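S.K.: what's the 3D shape of this:
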Amino acid sequence: MVEPADFPAVGAPAPAANLPALRRSLRAGRRQIGRSARRLASAAVARKLSTLPAFQRASRVAGYWPADGEIDPLPALARAFAAGKACYLPVLCPQRDGHLYFAPWWPGAPLRRNRFGIAEPVALRRAWLAPRMLDLVLVPLVGFDMAGNRLGMGGGYYDRSFAFVRLACWRRPRLVGVAFDRQRVAGLPRRPWDVPLDAVITERNRHSFRPL
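M.R.: Next comes the predicted model:
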């Protein structure tokens, strides 16, 4: 575990008004990462995730299909599947616009593109899980800070879908962001609807914000 002081600040804490510009800059930066470096980083994240107690305990693990330069969580999901865990990817819910459900995934599972061009598993609606039925979710992000705040793509899908975890009575799923180390920023505002992360795993470090 590395202390926050070991990391140089990347810019100043971002006011909410500056988030669109920060988002554009971070997205451009991660898209510049080369294929070989991206593959090595994704493998390193998978190894670190597999040592987490929350990963080892989990029976139902969700990830996402990488897009727009996001770090690839599929190697971590493949490890989970090989360990006998049920794995899932998000699907857009037609009955609840702006919310996510999670459909079964396995290596080689059939996929189709949603309206954003992101791959989703081809699965019957009755096989989908509601977010609260998961044990561990690997969350995509554009930026993160050392308080567990997450900057997403701006659509609010994860904040709406996992809003229930802000209640003290909820202990799962654990929300673990996965990212490149360069996506860390000095500070992000936490707005009332933002859902904080329990941890962030990068190719270099594990940042835990709550016991896992």
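
S.K.: now the helices for this protein?
M.R.: Residue ranges of the helices in the chain, as given by DSSP state H, are 19-31, 35-50, 53-57, 74-82, 157-161.

S.K.: so who does His99 touch?
M.R.: Residues near His99 by Cβ atoms under 8 Å, 6 or more residues apart in numbering: Cys93, Tyr157, Arg160, Ser161. For every residue, glycine as well, the C-beta is placed using N, CA and C.

S.K.: got these as TSV, with distance to His207 columns?
M.R.: Formatted as TSV, the entries for the contacts of His99 read as follows, by distance: Cβ to Cβ, whole Å:
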residue	distance to His207
Cys93	30
Tyr157	23
Arg160	24
Ser161	23
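
S.K.: can you put these in JSON lines and add pLDDT and neighbour count?
M.R.: Compiled in JSON lines, those are given as follows (pLDDT from 0 to 100; neighbours: other Cβ atoms under 10 Å):
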{"residue": "Cys93", "pLDDT": "82", "neighbour count": "17"}
{"residue": "Tyr157", "pLDDT": "94", "neighbour count": "17"}
{"residue": "Arg160", "pLDDT": "94", "neighbour count": "16"}
{"residue": "Ser161", "pLDDT": "95", "neighbour count": "22"}
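
S.K.: and those, which is closest to Arg204?
M.R.: Distance to Arg204 across these (Cβ to Cβ) is lowest for Tyr157, with 27.4 Å.

S.K.: distance of the closest one from Asn114?
M.R.: 11 Å (Cβ to Cβ, to the nearest Å).

S.K.: now do Gly177
M.R.: Where Asn114 is concerned, Gly177 sits at a distance of 22 Å (Cβ to Cβ).

S.K.: do the same with Cys93
M.R.: Computed as Cβ to Cβ, the Cys93 to Asn114 distance reads 11 Å.

S.K.: do the same with Pro192
M.R.: The gap separating Pro192 from Asn114 is 28 Å, by Cβ to Cβ.

S.K.: what about those two, which has more around it?
M.R.: When Pro192 and Asn114 are compared on other Cβ atoms under 10 Å, the one with more neighbours turns out to be Asn114, at 13 against 5.
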